[in-house]
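In: sharing a sequence plus its predicted fold:
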Amino acid sequence: YDDRDGVIWFDGAMVPWREAKVHVLTHALHYASSVFEGERAYGGVIFRGHEHSLRLLSSAAAMDIPSPYTAEEIDEAKATALRASGLEDCYVRAFMWRGSGPDMGVAAARNPVHMAVAVWAWGAYYGDAKMKGAKLDISKWKRPSPETIPSHAKAAGLYMICTMSKHAAEAKGCSDALMMDYRGYVAEATGANVFFVKDNVVHTPLPDCFLNGLTRQTVVDLLKKRGVEVVERHIMPDELESFEQCWLTGTAAEVTPVGQIGEYTFEVGALTRAIAEDYEKLVRGNR
Ligand code: PMP
């Protein structure tokens, strides 16, 4: 994937794709001192782009990574990278990390902080599950407590449990895994938030130890606009049996129906389809 044409915004310069490299002694590579964003552009406009820039800054602050850039400068970097890509409908990855420098131990206050923005085409995150309903495994890994790590941040270090969970799920023929949190409540999938429907009421986990996704917030607003009751609360895994519909939300995943989690099955119902359409209309209308 690194051997291709294109350019990447890298510390303020447009660098040929093949040459956008870091040193092996990059602090982030050893200690996960890295934060990132996942964004989508529709018709050449990044959906909620400025909020993603603000979230990148808040993740960086939470991880003690001083940003060399303001939110406006990050917006500008993303706009430059997007224009240079020539793409209209695409994925935008902005990220910030501690580089190599005088400190190679755990502490790295003197090491410079870098930023890059890469843009590429990315179709449906769950492939044809988008229509049929994704099949999810239940992960053995738990989302950590906010007293263990700033668990609401979009930080590289938090993603290792996601990668391990997703690998285990894929090995079982599933598209993704549902993770519980440190207390045993239902939390989220490995790169998307989760919603359930029962008796026309929507239930979604309270985001108190995982990312409160921008798509999640958008979908909560869209549901309320439809007059649907949304309950944000702690959900126990044994409640999964009682839900009729389920979907995932995320920038990459957009609104993806879920057909199965472990032994429990869900229908791709009318509300799931309606909210997926509402979301599609909103992001496309954004241009
Ligand atoms: N949870 C995790 C772990 C994620 O990686 C993502 C994707 N960024 C989400 C939730 C959804 O967040 P958003 O809707 O802001 O993309």
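Out: That came in fine, so what should we check first?
In: lowest-pLDDT helix or strand in the protein?
Out: Ranked by mean pLDDT, DSSP states H and E, the weakest helix or strand in the chain is helix 129-132, scoring a mean of 78.
In: flag every buried residue along that one.
Out: 129-130 (16 or more other C-beta atoms under 10 Å). Where C-beta positions appear, they are placed from N, C-alpha and C, glycine not excepted.
In: now that helix - C-alpha only, CSV.
Out: C-alpha atoms of helix 129-132 as CSV (Å, rounded to 0.1, in the frame of the first residue of the first chain):
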residue,chain,number,x,y,z
ALA,A,129,-22.8,-6.6,5.1
LYS,A,130,-24.0,-3.1,4.5
MET,A,131,-27.1,-4.6,2.8
LYS,A,132,-27.5,-8.0,4.5
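In: what helices and strands are in contact with that helix?
Out: Applying 3 or more C-beta pairs under 8 Å, 6 or more residues apart in numbering; DSSP states H and E, one finds that helix 129-132 makes contact with strand 254-261.
In: could you give the mean pLDDT of the strand it packs on?
Out: Strand 254-261 shows a mean pLDDT of 97.
In: and for stretch 216-236?
Out: pLDDT averaged over stretch 216-236 gives 98.
In: so how far does that stretch reach from one end to the other?
Out: The straight-line separation of the ends of stretch 216-236 (C-alpha to C-alpha, to the nearest Å) is 19 Å.
In: about what we covered before: after the least confident helix or strand of the chain, next one along is what?
Out: Remark: after helix 129-132, the chain's next helix or strand is strand 134-143, criterion DSSP states H and E.
In: domain parsing for this structure?
Out: 7-120, 129-285 (automatic domain parsing).
In: could you give the bridge partners of the closest residue to residue 121 other than its chain neighbours?
Out: Distances taken as C-beta to C-beta, 6 or more residues apart in numbering place residue 90 nearest to residue 121, at 5.3 Å, with adjacent residues excluded. Residue 90 forms beta bridges with residue 41, as assigned by DSSP bridges.
In: count of neighbours near residue 90?
Out: Around residue 90 there are 18 other residues, counting by other C-beta atoms under 10 Å.
In: distance of it relative to the ligand?
Out: Counting by C-beta to the nearest ligand atom, to the nearest Å, the gap from residue 90 to the ligand is 15 Å.
In: please apply the same query to residue 20.
Out: From residue 20 across to the ligand, the span is 22 Å (C-beta to the nearest ligand atom).
In: who are the packing partners of the helix or strand residue 119 falls within?
Out: Using DSSP H and E, residue 119 falls within strand 113-120. Judged by 3+ C-beta pairs under 8 Å, 6+ apart, the packing partners of strand 113-120 are strand 7-10, helix 71-85, strand 90-98.
In: make JSON lines out of these and add mean pLDDT.
Out: Conversion of those to JSON lines gives the following (pLDDT from 0 to 100):
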{"stretch": "strand 7-10", "mean pLDDT": "98"}
{"stretch": "helix 71-85", "mean pLDDT": "98"}
{"stretch": "strand 90-98", "mean pLDDT": "98"}
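In: now those in CSV, with distance to residue 55?
Out: Formatted as CSV, the helices and strands packed on strand 113-120 follow (distance: least, C-beta to C-beta, whole Å):
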stretch, distance to residue 55
strand 7-10, 18
helix 71-85, 9
strand 90-98, 10
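In: tell me how far residue 91 lies from the ligand.
Out: 11 Å.
In: which SS class is the residue nearest to that residue when sequence neighbours are not counted?
Out: Spatial nearest neighbour of residue 91, excluding adjacent residues (C-beta to C-beta, 6+ apart): residue 122 at 3.8 Å. Put simply, residue 122 is coil when judged by DSSP: H, G, I helix; E, B strand; the rest coil.
In: cool, residue 110 as well?
Out: Assigned with three-state DSSP, residue 110 falls in the coil class.
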